[in-house]
Each structure stands twice: as C-alpha cells, then as structure tokens.
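>>> give the three-dimensional model of this entry:
(4 chains)
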Number of protein chains: 2
Amino acid sequence: MPLMPASTRTRTDTPAAADRQRADTRSAILDTSERLVQVRGFNGFSYGDVAGELAITKAALHYHFPSKADLGEALITRYAERFAAALAAIDADGGAAPAKLDAYADLYAAVLREERMCLCGMLAAEYQTLPDPIRVAVIDFLDANEVWLARVLESGRDAGTLHFAGSAADTGQSIVSGLEGALLVARPYGGVERFETAARRLLAGLTGTA
Amino acid sequence: MPLMPASTRTRTDTPAAADRQRADTRSAILDTSERLVQVRGFNGFSYGDVAGELAITKAALHYHFPSKADLGEALITRYAERFAAALAAIDADGGAAPAKLDAYADLYAAVLREERMCLCGMLAAEYQTLPDPIRVAVIDFLDANEVWLARVLESGRDAGTLHFAGSAADTGQSIVSGLEGALLVARPYGGVERFETAARRLLAGLTGTA
DNA sequence: GTCTATAACGAGATAGAC
DNA sequence: GTCTATCTCGTTATAGAC
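Numbering: from 1, shown residues only, chains lettered A, B, ... in the order given. Predicted coordinates for the structure are as follows:
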C-alpha cells in the first residue's frame, strides 16, 4: 500500500469503492456507537466520543447520521435484525425446546461477557428520554423476543420437555424480564457468575431440573 | 401571612427557622431530583430541571449540593435508608415468609405505579458513568436487599413455607434481579400488569403455588 | 466523504451582592 | 439561603471548502 496520508489521497477511486467505503464507515460508526450505548447509555455518550474513537470528525458523523435520533434508530434497527438472525440460527440448529432456551440465555451471557448491557434493556431504562421512533423500536424488539419464546415454550410443553403454569406468552415475558434483570444487576459486580446463577435458576423452573 | 415578596423578606427570622428551611429546601431538592433520576436517569436530568420545577435558581442548588456527584450520593443514601426502613417495617409486621416476599414485591410495584424505575436499577444501568462513591452505594444497596431476602428465605425454608433449590443467597439474588428486570421491561408498556404477572410467577416458584 | 470552522445552546460550577 | 451574573466546557448541529 502506498504511503499516502489519508487527508491527501482520495480513497475513493471508483464509484463502487466509494459505496464500499460509505458502508464501511457507516458500519464502524454503528459498531462503536452500539458499544458506547450498551456501556454508557444513549444519554451517556456523544458524537464526540464516537468521532474520537474512530479518528474522524463529528461533521463526518453527521453526514452518515444527521441527528443523534437517526443514529439511535439505526442502532436498534440493526440490533433487532441481528437478534432475529440469532433466533433463526437457534431454530435452524434443530435442538429441542430446553436447548433453545439455553441458547437464548447464552445470547445474553455473550453481551455481559463484553461488559455491556443489552441495548434494548439500556434503552428501556432511558425510555422516557427517547425520541418516539426509538421507543417504538424498543417495544417491537421486546415483543419479537416474547413471541419467539412463546413459540418455543409451547412446542416444549407439547413435547413434554417444558413445564410451566399459565400462558406461554406470560412465561415468555417472565423470561425476558428475568434475563434483562439478571444482566442489569450482574454488570456492576463484574463477571458472569451472578448472571449464570440467575439464568440457570430461571430456566430450571421450566425444565423441572430444579 | 403578610404579602411580601420572597426576595425582599428574610424568611428566616430565627436561627431555628433557618434550620427548618434549610432542611425543607434540601428535602424538596432531593424529592424532585429523586423522581427525575428514577424517570430519566442520572445522565438524563440537570440542575436546571430541578431548579425549574422548584422555582429556585441553580446557584441555590449548588449551595445545598455543591456538585452533581454530591447530589447523587445523597439521593442513593436516602433511598437506601428509606428502603431499609421499609424492610424493617415488613419484619415488624410479623407475617410469615411468603407474606414478607409479597410485601417486598409490593415495594417495587409501588415504584412502578409512579411510572418510575427503581433508583438503584436505574443507576445500575448507568453504572459505568457514575462517580465512584455512587457505584459503591449501588452495590451496598443490592447487597443489603439480598441479605434481607436470604434471611427471609431461610426462615421460610425452615418453617416449610418456602421451597427452593440452591442457597438462600443465590435465590435472593434471583429475586432482586427478577424484580428489577420486571420493572425495567414493564415501564415502557405502561401499567403494572406486566410487572404483576412476572412477580407472581417469580414468587409462585418459591411457595409452590404454581 | 471528510474536513475546518462555527453557530447555538445547555451543562455543571463559581463569585459576590443581598 | 438565595439571588444575578458569569465562566468554561461539552453538546448537537450546520455551512462551506476540498
């Protein structure tokens, strides 16, 4: 690669390369912002923080995401898509219902291992300060999770591998809130032990392995 | 009462009256700030918000609480004291362990009815952005709750009214995280139904009334 | 697409009068 | 104790050059 300062070379020699770079920068912004929101909250990070980490300017950020609300919307949208893909992957694995629930809880544990809060849980805490489109996306994310869980729970009950009182929908809500709470409380203590303990107990109540 | 603008009269005619007013203003600041933190988060409210609501100036706020960190510390300290008093009151009621757990969950429900998050849960979400003294207070608050719960759980197990696998300490942690999560997730939806459903399921697993 | 420069505003905080 | 006035800094956001 020729030694040429980024400020003096074009970096986009063809239209296709320009598209690629736009997408790359956009992704990098989303990656950094996502982590900052999960660690510090939507009200706890700034364009300046992101620009500093990526060594670009705040103005460049505003080119990709005109307002912070736009950025937040893009963040939760992408997060929800990735989560939906993860749920589809669990389904594709073809495991039984209890294994699916374990895999689901592992998604949360992976977040905690990076010392983050669930993006949606963090936004739920800040809900009252969020622009309306983000609020809607938070609700949609929670609903999608609970719908998926309800389906898994019903199939497990039908197969006799899961046992729970009340509706599958209510039970799904309890799982989401239980795991979100386990993340929330575990993070200040550091490590995943507290989360694992709470998650195990939560799922054990459904499989009867208590 | 003589019609005299607050700006022209002394309002503190005696030293005792001065003390009373200092305490009153301080309480009013704490009350308003506490609600704002529980609704919007520690990073989601400002001295200006509090001053505006109380119709005093920001400078007056700084007299009572020089820095925002000081205010935050006072907030969680008072909150923890009030919570400890509420737990003592539950103990004083002399109910059995299951009734104590119900009363404990009701403390959370009361918070949600005011459309707030638990102060400690909110601060847990913002943990990475908080000054160190507040972080310590958050941990202390969680620990105190879990110690109290562990004691109730053990007495219930001894009396045969509560049944749970694993240690009382771990179970106490699960209850705290379960209720905090139920608050967190319920608030965006409005109403207490979601919380009540999750709380009932959580406690039903301990009393065997599932 | 990214930059420099700057606008416009709000934040936390302090000084000094009353 | 509370005020007015001010400071300094950080924030989101925009304009215009390259």
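
>>> what strand or helix carries whichever residue of chain A sits closest to chain B?
Here chain A gets closest to chain B at one residue, residue A:181, 2.0 Å apart by C-beta to the nearest C-beta. To be clear about C-beta, it is placed using only N, CA and C from the backbone, and glycine gets the same treatment. Per DSSP states H and E, residue A:181 falls inside helix A:168-186.

>>> so does the helix-or-strand element of chain A with minimal mean pLDDT get close to DNA strand D?
For chain A, counting by mean pLDDT, DSSP states H and E, helix A:15-40 ranks last in confidence among helices and strands (a mean of 93). No. Remark: helix A:15-40 sits outside contact range of DNA strand D, by C-beta under 7 Å from any atom of the strand, the gap being at least 10.0 Å.

>>> just checking, what packs against the following helix or strand past that helix?
As assigned by DSSP H and E, the chain's next helix or strand after helix A:15-40 is helix A:47-54. Using 3 or more C-beta pairs under 8 Å, 6 or more residues apart in numbering or on different chains; DSSP states H and E, the elements in contact with helix A:47-54 are helix A:15-40, helix A:58-64.

>>> and the helix holding residue A:181, how far from the chain's centre?
15 Å (C-alpha atoms, centre = their mean, to the nearest Å).

>>> tell me which residues in the helix or strand hosting residue A:110 are buried?
Element membership of residue A:110 [criterion: DSSP H and E] is helix A:97-113. Buried positions in helix A:97-113, judged by neighbour count with 16 or more other C-beta atoms under 10 Å in any protein chain shown: A:97-98, A:100-101, A:103-105, A:107-109, A:111-112.

>>> what's the angle between that helix and helix A:15-40?
Computed by axes from the mean of the first three to the mean of the last three C-alpha atoms, to 10 degrees, the angle separating helix A:97-113 from helix A:15-40 equals 90 degrees.

>>> helix A:97-113 near chain B anywhere?
No. Counting by C-beta under 8 Å from any C-beta of the partner chain, chain B is not contacted by helix A:97-113; separation bottoms out at 10.8 Å.

>>> would stretch A:63-76 count as contacting chain B?
No. Figure legend: stretch A:63-76 not in contact with chain B (C-beta under 8 Å from any C-beta); closest approach 12.5 Å.

>>> neighbouring contacts of that stretch?
By C-beta atoms under 8 Å, 6 or more residues apart in numbering or on different chains, the surrounding residues in contact with stretch A:63-76 are A:22, A:25-26, A:29-30, A:33-34, A:37, A:42, A:47, A:61, A:119-120, A:123, A:130-131, A:133-134, A:137-138, A:141.

>>> of the residues you listed, grab the buried ones for ChimeraX.
In ChimeraX, a selection of the buried entries from the contacts of stretch A:63-76 looks like this (16+ other C-beta under 10 Å):
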select /A:25,29,30,33,34,37,42,47,61,119,120,123,130,134,137,138,141
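
>>> need the CA coordinates for stretch A:200-210. CSV is fine.
Extracted in CSV, the C-alpha atoms of stretch A:200-210 (Å, rounded to 0.1, in the frame of the first residue of the first chain):
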residue,chain,number,x,y,z
ARG,A,200,-29.9,-21.3,35.5
ARG,A,201,-32.5,-20.9,38.2
LEU,A,202,-34.9,-19.2,35.8
LEU,A,203,-34.7,-22.0,33.2
ALA,A,204,-34.5,-24.8,35.8
GLY,A,205,-38.0,-23.8,36.8
LEU,A,206,-39.2,-24.7,33.3
THR,A,207,-37.4,-27.9,32.7
GLY,A,208,-38.0,-29.3,36.1
THR,A,209,-34.3,-29.9,36.7
ALA,A,210,-34.5,-27.8,39.8
